[in-house]
Each structure stands twice: as C-alpha cells, then as structure tokens.
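Undergrad: pasting a predicted model and its sequence here:
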Amino acid sequence: MPKLYILGTMFERIKIIHGKKYRYLVSNKRSGDKVKQKVVKYVGPVDPVYKKDLKKKRKSNAWLFAQHATIAEQETLKNAQSSSSAFTRDRARIILQSLKGISCDQIAEKLGCEARKVRTTIKTFNIKRLKSLERGKAKGATPLFTKEQKAKILMIASTEPHRLGLHFTTWSLNKLRNYIIKQKIVDTISIETIRQILKRERMKLRKSKRFQYSNDPDFAKKNS
C-alpha cells in the first residue's frame, strides 16, 4: 500500500451545488504518483443570504385616548384618586391623565405602570364609563352538577335500595355511583364527589348488619 505525503498547502476551492456556490478549504495529498485533494474545512456560501427580520414592530397605541368626560364624570374621577381601593385609585389617575391628551406610553412612564394596563383602563372607560372604576367580581368555578341533580342523588341515598327494586339492602358509595349513572341522572360522577355531596348534607350511608341464626330454640334468649 503506497504511503500518503501531506504537501502542507491549503487553498480555497469553490463548489457549485444545486446552482449555488460554496467555499471550502482543501489540501493536496500525494499517493504515489497521484495528487488528490481533500476537503479540510467548509467556509461558507459565496453569496450569503441573510434571513430578513420577520418580526413585526408592535403598533403604537399613541392614538388611544379617553373619550370626552362630562363635568360630573371628571369630579367623580378626581374624588376617586383618593379612594382606599388601589384599583379604583390607579384607574382614575390614568383616565384623568388621558383626558389631558397624554399618550399611553407617557402615562405609563409617569405613573410607573405597564403601558398595557394604561391601554386596558382607557378602553374599558370608553365602553363602561364610570363603572370601569369598579373591580368586577371574579367568576367562580362552574358547578359540575345542578341543584336538581344533587337533590336526586340525596333522595336516592336516603331511600332503601330494595324500595327501588334492587337486590341489596344497603348502599355503598360504589353501588350508589353505579345506580346514579345507570338512571342517567348524571353522565359521570366520581365516588369522592358523592362522598362530598353527602358530607355537606351531613348524611351517612347505613352500614349492613350481620345477623346470626340458629335452630336452637333458646337462640333468641341466649343471643340477647
């Protein structure tokens, strides 16, 4: 096998791939009587194409101002600046500044708050007027079951199973759950949810009692 001899000379070579030019550093290697080129390093494209910045600049809401307020509204806003509620106090200050023709960004810088808060306050005032000074009540969690459904569950739990045509005498949470779903009172319900519904009404399921029987004529006397 012939030995390889590195000539130690590197130079730049341009390759055309799919119609585009790329630069490489190559070196010469001699193998016997032949000299071969070996790519040492990829340098980059001859005509680099840089991606344009596609990020759109955020539109300025400098045009957004509070709509004209009546004298009565202005007096209410001025009084609201000394409110014990920080929410009402901040909104009143923002609206009054906007009524003077000050931009959202300037108001945010002056009052030390976010520009988004300023824009939201002004938009809300333009729609709700003075009601925008009142904090809306947070929406609670949507109830999973209606009052009618809960009432039916409690009624079933308080009814002896054999009166409903069932072959057992007492309820368990699992049996109660299966019966409720079978009767299509609800589409689905967990055992823990049934437990909580009964707990709120201070209702407990009766536990089954075990009885012993005997053919001894004195069984009742002895058992007592």
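TA: Received the coordinates, thanks. Every value quoted in this text rests on a predicted model; they were computed, and no experiment measured them.
Undergrad: what does stretch 42-49 contact?
TA: 12, 14, 20-25 (C-beta atoms under 8 Å, 6 or more residues apart in numbering). Placement of C-beta: from N, CA and C, glycine included.
Undergrad: rerun at 6 Å
TA: For stretch 42-49, the external contacting residues (C-beta atoms under 6 Å, 6 or more residues apart in numbering) are 21-24.
Undergrad: so how far is that stretch from its chain's centroid?
TA: 44 Å (C-alpha atoms, centre = their mean, to the nearest Å).
Undergrad: shift numbering so it begins at 648
TA: Got it, the first residue is 648 from now on, which makes the last one we talked about stretch 689-696.
Undergrad: how about the CA coordinates for that stretch, as CSV?
TA: Extracted C-alpha coordinates of stretch 689-696, given in CSV (Å, rounded to 0.1, in the frame of the first residue of the first chain):
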residue,chain,number,x,y,z
TYR,A,689,-16.3,24.2,5.0
VAL,A,690,-16.0,28.1,4.9
GLY,A,691,-19.5,29.1,3.8
PRO,A,692,-21.5,30.3,0.8
VAL,A,693,-20.0,32.7,-1.7
ASP,A,694,-23.1,34.9,-1.7
PRO,A,695,-24.7,34.5,1.8
VAL,A,696,-28.4,35.2,2.1
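Undergrad: quick check: mean pLDDT across that stretch?
TA: Average pLDDT, stretch 689-696: 78.
Undergrad: distance check, Ala798 against Thr768.
TA: Distance of Ala798 to Thr768, computed by C-beta to C-beta, to the nearest Å: 44 Å.
Undergrad: between the two, which is the more surrounded one?
TA: Neighbour totals were compared for Ala798 and Thr768, and Thr768 leads with 24 against 12 (other C-beta atoms under 10 Å).
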